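Enquirer: Structure here, sequence nowhere to be found:
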């Protein structure tokens, strides 16, 4: 029985999805398979989806009523991932049974829902896997907390990102520079690559080009899918909902992948 490597979308779905979403993902995991993910994937969930929940929670403290969230979302066209997280959590909120409330009270009630999602979801993120690998040397993060003003904060240590002395990614990338260079060359051959792939082609080289030199913080984020696929065990099957970007990378590595 091969191991299953949980890519970021799978971890998010298992940690934050509703009953049906979790059931659908679990149906792709054979009974008896080990569930593996990486510290890098977990960190990506922290700085991505979980951060979106914190941003939304904190934004509700600036609003007067639940209906104002719709106007707020309408101004976020430049942040499609954040919009998706906002709308997904609004849907999940209304899937439950709630009392009839005024617009201001609905906002308070929704804020309480987000607070639970942050606390419970954070605890589930690392619990969805049986094994967490960390060849990249990605750092752990603290627990999200409410500050004195009621805002949710999370100490991610991003000020250390990009520094070769404190970030294990630089050493990893240089050690596997031949592999990552081959992946980059393969991505460069894609006809009409999207903006995300173009950025990945650009920033992968920043990671492995010169050893013991700092690199732009964005290089880590922009290269994420390539790093996730490369770090995943060769014998495992990558489970993901991001077929658009994982499929070409799995073909280049090569890795097996399954899409839910």
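Expert: Sure, I can see it. No experiment lies behind these values; they were computed from the predicted model shown.
Enquirer: wait, residue 193 sits on residue 187?
Expert: Yes - between residue 193 and residue 187 there is a contact under C-beta atoms under 8 Å: 6.8 Å. Every C-beta, even on glycine, is put in place using the N, C-alpha and C of the backbone.
Enquirer: which residues do those two both contact?
Expert: Common contact partners of residue 193 and residue 187 (C-beta atoms under 8 Å, 6 or more residues apart in numbering): residue 201.
Enquirer: Grab the longest helix from the protein for me.
Expert: Ranked by residue count, the top helix of the chain under DSSP state H comes out as helix 103-125.
Enquirer: residue contacts, the closest residue to residue 137 other than its chain neighbours?
Expert: In this structure, residue 137 finds its nearest non-sequential neighbour in residue 168, 1.9 Å apart by C-beta to C-beta, 6 or more residues apart in numbering. Shown in contact with residue 168 (C-beta under 8 Å, 6+ apart): 136-138.
Enquirer: Sort out which residues of the helix-or-strand element of the chain with minimal mean pLDDT are buried, please.
Expert: One helix or strand of the chain scores below all others by mean pLDDT, DSSP states H and E: helix 217-222, with a mean of 92. Neighbour counts over helix 217-222 (16 or more other C-beta atoms under 10 Å) mark 219-222 as buried.
Enquirer: swap in stretch 80-95?
Expert: Those would be 82-83, 85-86, 88-90, 93, for stretch 80-95 by 16+ other C-beta under 10 Å.
Enquirer: Please apply the same query to stretch 102-112.
Expert: Quick answer for stretch 102-112 (16+ other C-beta under 10 Å): 106-107, 110-111.
Enquirer: so how far is that stretch from its chain's centroid?
Expert: The chain centre lies 28 Å from the centre of stretch 102-112; the measure is C-alpha atoms, centre = their mean, to the nearest Å.
Enquirer: Let me see the residues that make contact with it.
Expert: 57, 60-61, 63-69, 90, 93, 98, 101.
Enquirer: same thing but 10 Å
Expert: Stretch 102-112 is contacted by residues 56-61, 63-69, 89-90, 93-94, 98-101, 150 when judged by C-beta atoms under 10 Å, 6 or more residues apart in numbering.
Enquirer: what sits against the closest residue to residue 113 other than its chain neighbours?
Expert: Distance criterion C-beta to C-beta, 6+ apart; nearest residue to residue 113, sequence neighbours excluded, is residue 93 at 5.1 Å. Residue 93 is in contact with 66, 106, 109-110, 113-114, 117, counting by C-beta under 10 Å, 6+ apart.
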